[in-house]
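Enquirer: Generate a structure from the sequence data that follows.
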Amino acid sequence: MNRRHGALTVLAATTALVLGLAPAALASSRTAADPDRALDQSAPLRDVVSADDVRTHLQEFQKLADEGNGTRFTGSTGFNRSADYVLAKARAAGLEVRLQPFAFQFNGDETAPVVANKAPGSPSYRNFFDFVSFFFSGNGDVTAPVYAVDTIDPTGTQPGTSTSGCEESDFNGFPAGSIALVQRGTCDFVVKASNAQKAGAKAVIIYNEGQPGRTAAIGAQVPPNTIKVPLIFASYGVGDALSSGVRNGATGTTARVKVDRVTTTKISTNVIAETPTGDADNVIVVGAHLDSVNAGPGINDNGSGSAGILAIAEGYKRAGITPRNKVRFMWYGAEELGLLGSRHYVTNLPAAERSKIKLMLNFDMIGSPNYARFVYDGDNSAFPVGPGAAKGPAGSAQIEQVFHDYFRSKDLKSSETPFTGRSDYGPFVDAGIPAGGLFTGAEGLMTATEVAEYDNGVAGEAYDACYHQACDNIDNVNMQALDEMTDAAAHATYVYTQRNFVKKPLVDPAGKVSGTSATPSGGGGLHAHDHNHELDEALAR
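Expert: Got it, this is the predicted structure:
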């Protein structure tokens, strides 16, 4: 953003003065005829989208969270005022703006949950910091012995390898009436909890595995009406203390677990802002979710994507760009509760309107402090279709190529991350709409190879150590990452804004599409293991 383009920019500006044209008007008319011709096509937009603009929006999101009990959780004061802020800024930028409210089923703590270790001298455990109750947990107040179910020592093991509680046989010998203690790992949360419930557990504690980056208590959920007993997600430290260090089926300490949750209907909203001009039969959707988790302000997740696309939306007016195709900027509500906003939007689109959407660009977390440049794997070449990788609809590989080519032109490394279906592109992909986007990593750990390839970051540390936590605040954003990724987002947006889809329909490249990094990565997190974004399929782990 705001990077100069040397002699090319000077030449364009000089030519514009000679012909009596505004530089932006010249660039727009020059590139519209052949939008894939050269990198300089997106310079008019990138040049007016600055890192300072994005940071200004992030500071406002932080302020609104601070004034709203520290969160921008959907339906909260912080979220509602964030939506008002985006609406006002988009309207001031000359966009046609509307709100799309929607109702959803919400499950929340009526009274604060409790986890207490009854062993003498044990510390007090804090809600949100040491443990959280699951969305759609059963209710109850239980004091009973804790029984560790096939748990493992995390030392030397790979993240996500614990099979604790994944098989009914894990509960052979389980003393009915106990509290089941299981580890996060290879199978769905609901599988672990269901097996424990069948074995007679009066409460279930699922705790993080203990490898670097997988130690914190992070919000999680199971499908409604599946688990009837209290269900808690706890930090590794809490789980290890409750097991008294024993593994593989043994009784630890006695504990108290209390959950009191209530289900109600709430209202959230999507903010939709369109360019007033552009072909309405060829629509480009550029989206990001506006809500945070309840634990914090969500400035990287996903204030970063929301602020980035807002700055890009403002850039169209500032640069005087007349788009060939209509651009629909969207800020979704209730993403953290299961892609509810984007799912509502896609589900309620008439078929005729759905067919007009040529592609969707998604930007969810683009300012991670220990960042990598991840591009969604549109052709599934790095992450074949299967568990954890959804199929990219035809055209998605072409979008992936645009991002990788952009980074390559800037001598920046990039690598693939899978279409997990767990961000707002998911409903578009399910509807057969090509999609792509960017991600800078969540709770996954940066590898030594990535540090060497990217010449950036710290090996063995999470891409975002504050992922889904209270510390995801304004100080948790890497401005260099945000600068690079918003530039790339602006480039791709402009490319497809000006593409002639009649003469140049979206067609995937013939060969494999890949970045310049040798180490494709899931990037960790991005809700894939912490929130069940596919409630009906129970995919959370």
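Enquirer: switch to C-alpha atoms for all contacts and neighbour counts from now on
Expert: Fine.
Enquirer: residue ranges with poor pLDDT in the stretch 151-300 of the chain?
Expert: 245, 247-250 (pLDDT under 70).
Enquirer: in the stretch 1-150 of the chain, which segments are predicted with low confidence?
Expert: Residues of the stretch 1-150 of the chain that meet the criterion pLDDT under 70 lie in 1-39.
Enquirer: now do 50
Expert: For the stretch 1-150 of the chain, applying pLDDT under 50 flags the ranges 1-36, 38.
Enquirer: likewise the stretch 351-500 of the chain?
Expert: Counting by pLDDT under 50, the stretch 351-500 of the chain shows no low-confidence range.
Enquirer: can you pull the buried residues of the longest strand along the chain?
Expert: Secondary structure of the chain per DSSP state E: the longest strand is strand 250-274. Neighbour counts over strand 250-274 (16 or more other C-alpha atoms under 10 Å) mark 250-262, 268-274 as buried.
Enquirer: Over to stretch 318-329?
Expert: Across stretch 318-329, burial judged by 16+ other C-alpha under 10 Å covers R318, A319, G320, I321, T322, P323, R324, N325, K326, V327, R328, F329.
Enquirer: Go ahead and measure how far the helix ranked longest in the chain is from the middle of the chain.
Expert: With secondary structure taken from DSSP state H, the chain has its longest helix at helix 479-497. Its chain's C-alpha centre and that of helix 479-497 lie 17 Å apart, by C-alpha atoms, centre = their mean, to the nearest Å.
Enquirer: packing partners for that helix?
Expert: helix 43-46, helix 51-66, strand 279-289, helix 305-319, strand 325-332, helix 396-409, strand 435-439 (3 or more C-alpha pairs under 8 Å, 6 or more residues apart in numbering; DSSP states H and E).
Enquirer: mind checking which of the ones you listed is nearest S342?
Expert: Nearest to S342, of all those, is strand 325-332, at 6.0 Å by C-alpha to C-alpha.
Enquirer: Now that closest one: average pLDDT?
Expert: For strand 325-332, mean pLDDT rounds to 98.
Enquirer: Can you list the strands that it pairs with?
Expert: Next to strand 325-332 in the sheet, as set by DSSP bridges, lie strand 250-274 (antiparallel), strand 279-289 (parallel).
Enquirer: Name the residues that touch stretch 309-325?
Expert: The contact list for stretch 309-325 (C-alpha atoms under 8 Å, 6 or more residues apart in numbering) reads 24-25, 28, 32, 44-45, 48-50, 53-54, 86, 89-90, 93-94, 275, 277-284, 286-288, 329, 363, 486, 489-490, 496-500.
Enquirer: what do you get if the cut-off is 6 Å, keeping everything else the same?
Expert: With C-alpha atoms under 6 Å, 6 or more residues apart in numbering as the test, stretch 309-325 has contacts from A24, V48, V49, V54, A93, G278, D279, N282, V283, T497, Q498.
Enquirer: Now tabulate those in a markdown table and tack on neighbour count and distance to V191.
Expert: Shown next, in a markdown table, are the contacts of stretch 309-325 (neighbours: other C-alpha atoms under 10 Å; distance: C-alpha to C-alpha, whole Å):
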| residue | neighbour count | distance to V191 |
| --- | --- | --- |
| A24 | 23 | 56 |
| V48 | 21 | 50 |
| V49 | 29 | 46 |
| V54 | 25 | 41 |
| A93 | 19 | 48 |
| G278 | 17 | 48 |
| D279 | 16 | 48 |
| N282 | 23 | 43 |
| V283 | 24 | 41 |
| T497 | 24 | 44 |
| Q498 | 26 | 47 |
